[in-house]
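>>> Let's see this in three dimensions:
(3 chains)
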Amino acid sequence: MKVELVNIGKKYEGRESFTIRNIDLVIESNQFCVILGPSGCGKSTLLRMIAGLNSITEGDLLFDGKRMNRVEPKDREIAMVFQSYALYPHMTVYENMAFSLKMAKERKTLIHERVLEAAKTLQIEEYLYSKPSEISGGQRQRVALGRAMVRKPAVFLMDEPLSNLDAKLREHMRVELVRLHQALNTTSIYVTHDQTEAMTMADIIVLLDQGKVQQVGAPSEFYQEPANLFVAGFIGSPTMNIFNGRIENGLFRTENDLILVEPNEEDARKLKDYEGKEVCMGIRSERFNAGKAEKNGITVNIDVIEMLGKEQLLYCKFPDGQEVVISEPGHFEYGLNEDHNFNFDVDGLHFFDAETTMRI
Amino acid sequence: MSRKKTKNDALYLSDRQPLTTAKLISLIISYILLIFWAFVILWPLAQIVMSSFNGNQGSYISIGGEYKFSLKHFTYLFNETYFWNWVLNTIVVAVATALLTLLIVSFTGYAYSRFRFSGRKASLMTIMLLQTVPTFAGITAFYTLHSIVAAVIPGFTRQLFLILIYAGGGIASNTFILKGYIDGVSTELDDAARIDGCGNLQVYRLIIMPIARPMLAIIALWSFIGPFLDYMMPSILLNDPKSYTLATGLHTLINDQYNMQQPAFAAGGLLTAIPIVILFIALQKELVSGLSSGAVKG
Amino acid sequence: MKYGTTVLDDIGNAHPRKNLRLREKGVLEEKLKQADKSERAAIRAELKALPKKSDHPYEKDLRAVRDQEKKLLQGTKDRRRKSLSEIKDTDPKIRSWLLEAAESEERYRFYEQHQDLSYDFELEYKKNFDIADQLPEAAAERRALLDELAEAETDLQKANSEDHATAKADFEEFRAQRIAERDEQKARLKQMRRDGMISAKALQNERKMTDLAADEDIKSKKRSLPPAFTKDRVRNIRHKLKTEAVKKEKLLNADISDLRRRTPTETDKRIPWISWLTILLPGLGQLIIGQRLKSIFFFLGSLYIYLIAIPYSLGYGNYRGDGIAGLFSLAEGGARLDRSIIFMIEGVIAVILLVLALLLFYFSFRDVHRNEKKEIRGIRLNNWFETRSSLRRDGFPFIVSAPAALVTIFIVALPIAVTMLISFTNYDPTHQSKFVWHGLVNFKQIVAGQGIAGGPFWLITGWTIVWTLLATSLAIFIGFTLALLVNQDRVLGKRFFRTTYLLPWAVPAFITIMFFSILFSPQGPLTIALNNLLGNTKPADMLNIKYTSWGTRIVLIILQGWLGSSYIFLLSTGILQGISKDLYEAAEIDGATGFQQTRHITIPLLLYQTAPLMIGQYTFNFNNFSIIYLFNGGGPFEPSKYGNMAGTTDILISYIYKLTIQNQYQGIGSAITVVVSMFIMFVTWIGFSRTKSFKEEKL
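Sure thing, here's the model as predicted:
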């Protein structure tokens, strides 16, 4: 099912301004879409509007071209998995999974078939007649998934379903969820604040901040071509290094003159209009080359080293105290308080307009 | 499968620190006090039991005299008094109060917890304020009010009015307690139920109420026990001895100088006490937690 | 209000005016605002010179189109007849849908040409377009479902007539097999238990689940047997037919509602005068502005106001009272059977009815007023579908709380109000049938301690306070101590003690009180025992507890201590068990002895957590009618100080009881009630406002 959001906006009654506004989004059939953003950015509100739990103030929500704004949640062919699973505590697992079909007065044989089928896929057949309080967190989550699956929805909605699980289980479930999505042939919309989940699971990511879309696209786009400073700083761990400076004579220069970089041809062309203007330059920690001082180099002092095995993170300081994070292979030898030289890989530079924060 | 404790003087196996003399003395004193108080409680209660069966008493209770086991007081109670009427009345009033309270309060508790409507805060405050006014404040009006209504609506008995008073007096506090309990149920359950196809009433009936069952049971229990314990309201409202409840009815056995039947009273008291005591003992945990989770009108 | 050049829709978006006449006005008004003094006169003249509604070119165009519209609408009947004959389907719902779709198609073609002329036409165009678009599709789907149903029904007939011996036999075989499987599983479980591999609880659980699983399998197999299976299918399709029809219509209405929210309207009106004009007749305003079905409800309200509330207040339909007038007259000079109390109560009822009527006036006015103002801004009024939906959504809590509200108003608030009023009358033994207002006389009597009834007031109040403090504190002290003692680590037999200490609370208090009353009566066993202890053998020297005020008082306090300690004990035990052991261990490391731990940890925590509830205990004893009245009737008497009605151990509430019920001094009794209630409300308020939930505003 293709899901389209056209100029969606939400204004709560009694509030002056819109919580979310001008959201445009197209999710193709069978795509796994992740709505990503920090707390309070409006992602849960957006999901709830798609589900029908919150009303849509302006704009249109289309499922396969059909307008869904006023359709009740139960009629939208959706299923939702909640952060706290929301399993009915007084019903057995079987009854939980059968509930929606029972409310629709489906045939009992059909209900039984579907429940058993879902239980088999998720490997929870043993718990069918237990109550939610009698099973573990991970099993409960699978029951929540089963409850959603049984409806054979066209759109699968998930609101931070993994946040209540411990780290190991979370890793495992990430893979399980993607497999499930592929097996079920549905469109999935997944809300989270965790960028790892987004980057690993999504076909397309929508990054929201303060009710506005910051960027939409494939995960690689977010990493390689962040659309603005917010995106650049949100995606990627460790966070991208950002330097404030200006363009002088085609070169990027910071205020303190410690960094002087000549951009490559493509970037230089784009930066021609920014001569004399303030600009931010971003570079990821792994795009530094270790080596003798060259044209686009910096000399910094190593403050803290985080050894991760295959790579190590060097938290370095400039003479004036400015910090930078550099990632180098683990087998290189570095020591604390040593001064080293690193060169910018000019193909890995990102430039942003200092005023609008947009990508150049 | 348990293992026999091995007694070994050389090894000190207990988890606690060894007893010092001071601690030993305080422990002994504690036991003395506790046993003394247990006696203070059990003696009068035992007397009630014994007196009901002591055939050697006439109209007055005597303790320490000759004891002759007999059931004649019970026979008197069953045959010569309206005891069974009182039992029936009390049970009817208690059950009706419990049901009516549950019906009204389950809806208001749900409405106040799950809906934000205008006037919600104001009415909640008013409810709590009303809750502080004791029921007896209205006794002057009750009697006449009943006459007026009974003249307009035939069949509006005094018992019905009594039930309404009991239920009405409990609406405020019980709504508040139930609301507090339902507040603790995550609203995500409501959302899931709506997606599954439930409307307001169905969410209420199929999801919220089953989950709130423990609290509903406590409310029903208190509303049920209330009429058993109350003397004042029935004595004001009910005028026919046949229609009395147990408290008022048993009182008639001992307040009339010329019709004194104290042992029968003891017998009646015993019979009334036994089921209530069993109820209390079996459900003490729930009852206490229900009381402490909100100021229930004493 | 100005006309402006734009109008707002319900979402807040501005749309340019289509009504050219009003637009001109708006343009000129804006010019006026921005103009300086010299130009103002000229612009104002322009405004005046604008053609009137009947002459304006735009309005002429509009009227022409409206005439065409009228002709179009007049042709509806004929078109309907024609379409009816053309529609082949026999299902009534489908026919009505297709009919409507055909009609809408005609209409939208018409309105399409004129949408720029007026927003109304734009709305009609879009609306009819949607109808013509959605209904045929819905009809086709319904037809498919109906065909499926027919098929299923024939199948069912077939299945019912056939014999399903083989299927049944299969089922029985399956069933036997499954049961055998289940029993085997259960036997295995039992063996595991015997071998000690699983616990008793696990055995119970697994057994239950095995049973459930087998049951479900058998049940579902049974359901798949031909007749049952097909019956299920038929039932399912029928249900779908019903719900789909409702769903489709609801969707269509919802879409139309959306269109209404986004298409503005234009009106000449600048002042919401209809609401003011119709304020006295709820329903009329709604009718005039076009919300016909809603007006019916408000008209019902008007019926209530004019046929029930107002007549009743004027005295008609009263049982014996005289409506509001009765509150003032209190049956003065009336017939013998006219009693003041009835007049008063009916007067209060009249007030309540009037207040409800006033509320109705207000809500109706507000409804019309708001809608008029919205329309002036450009927002379309809600149609019936929208009103009904919002009622269903937002009205649920109100409807559901209505019974509670009714009971509270008439059973709780009304009596309290009446009592308050009575306290300002001279309702006493000589004024039983008829009494009059006499202001604060009762209160003065009480405060000054005068009169038959008011005399002992301060004495009784004094004893009430002493009683409350002593009895409650004693109970609390005993309860706390017992809880602390029993909770000690080393004490054995906790269960026995806890059950025993529960008994005073469990046994209905009236029984124990009455029993003790008997025991302490002049010939009672305890009196005799007490005198034997004191060595009083001569009848003249006998000490009778119930005849001495100090004796009764002491026994009462001790008795309440006995009764009340139980609840305190239970409460404290619960809290003590909830105190984390970590606190004590930390204290021990810090070097505190057992006693110090109790004093610095246990007691403060106990007090802090029970404090709000303790207030409830004090107010309970303040109003503890039962024990005072049932033990010794509030006696013994001491007429010299207390008069003939009150006894020396009466507390305020038992005194009120005696005054009101037994001695017919209702006036003074009510006055005391008012004072006592205020006091208790005040104290409870203090206690309540300190509780955590109130502070956190968790309302």
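
>>> Which residues of the stretch 101-250 of chain B lie near chain A?
B:186, B:188-189, B:191-198, B:202, B:207, B:210-211, B:213 (CB under 8 Å from any CB of the partner chain). No exception for glycine: its C-beta is placed from N, CA and C like everyone else's.

>>> buried subset of those residues?
B:186, B:188-189, B:191-198, B:207, B:211 (16 or more other CB atoms under 10 Å in any protein chain shown).

>>> Adding pLDDT, secondary structure and distance to chain C, write the residues you listed out as CSV.
Converted to CSV, those look like this (pLDDT from 0 to 100; DSSP: H, G, I helix; E, B strand; the rest coil; distance: CB to the nearest CB, whole Å):
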residue, pLDDT, secondary structure, distance to chain C
B:Ser186, 88, coil, 16
B:Glu188, 90, helix, 19
B:Leu189, 92, helix, 18
B:Asp191, 91, helix, 15
B:Ala192, 92, helix, 19
B:Ala193, 93, helix, 15
B:Arg194, 91, helix, 12
B:Ile195, 91, helix, 15
B:Asp196, 91, coil, 14
B:Gly197, 87, coil, 10
B:Cys198, 89, coil, 13
B:Ile207, 91, helix, 15
B:Ile211, 90, helix, 18
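
>>> Assign a three-state SS to A:Gln214, would you?
strand (DSSP: H, G, I helix; E, B strand; the rest coil).

>>> and stretch B:29-42, anywhere near chain C?
Yes - interface with chain C: stretch B:29-42 contributes B:30-31, B:33-34, B:37-38, B:40-42 (CB under 8 Å from any CB).

>>> what stretches of chain B score poorly on pLDDT?
B:1-16, B:59, B:62-65, B:288-298 (pLDDT under 70).

>>> try chain A
Short version for chain A, where the test is pLDDT under 70: none.

>>> longest helix of it?
helix A:167-184 (DSSP state H).

>>> try chain C
Longest helix in chain C, counting by DSSP H: helix C:119-161.

>>> Pop the domain breakdown of chain A in here.
For chain A, automatic domain parsing gives the domain ranges A:3-225, A:241-353.

>>> any idea which of the ones you listed is most buried?
domain A:3-225 (a mean of 19; mean count of other CB atoms under 10 Å in any protein chain shown).

>>> distance between the ends of it?
25 Å (CA to CA, to the nearest Å).

>>> So it, near chain C or not?
Yes - Domain A:3-225 reaches chain C (CB under 8 Å from any CB) through A:11, A:57-58, A:67, A:69-72, A:75, A:92, A:94, A:104-109, A:112, A:128-130, A:134.

>>> wait, does that domain contact chain B?
Yes - using CB under 8 Å from any CB, domain A:3-225 reaches chain B at A:48, A:51-53, A:73-74, A:78-80, A:82-84, A:86, A:88-90, A:99-100, A:103-104, A:147.

>>> Go through the residues you listed and flag which are in helices.
Judged by DSSP H, helices contain the following of these: A:48, A:51, A:99-100, A:103, A:147.

>>> Point out where chain C drops to low pLDDT.
C:1, C:453-454, C:537-542, C:612, C:688-699.

>>> which helices and strands sit right next to the strand of greatest length in chain A?
Ranked by residue count, the top strand of chain A under DSSP state E comes out as strand A:297-307. Under the contact definition 3 or more CB pairs under 8 Å, 6 or more residues apart in numbering or on different chains; DSSP states H and E, strand A:297-307 sits against strand A:311-317, strand A:323-329, strand A:339-344.

>>> I appreciate the help and will end here.
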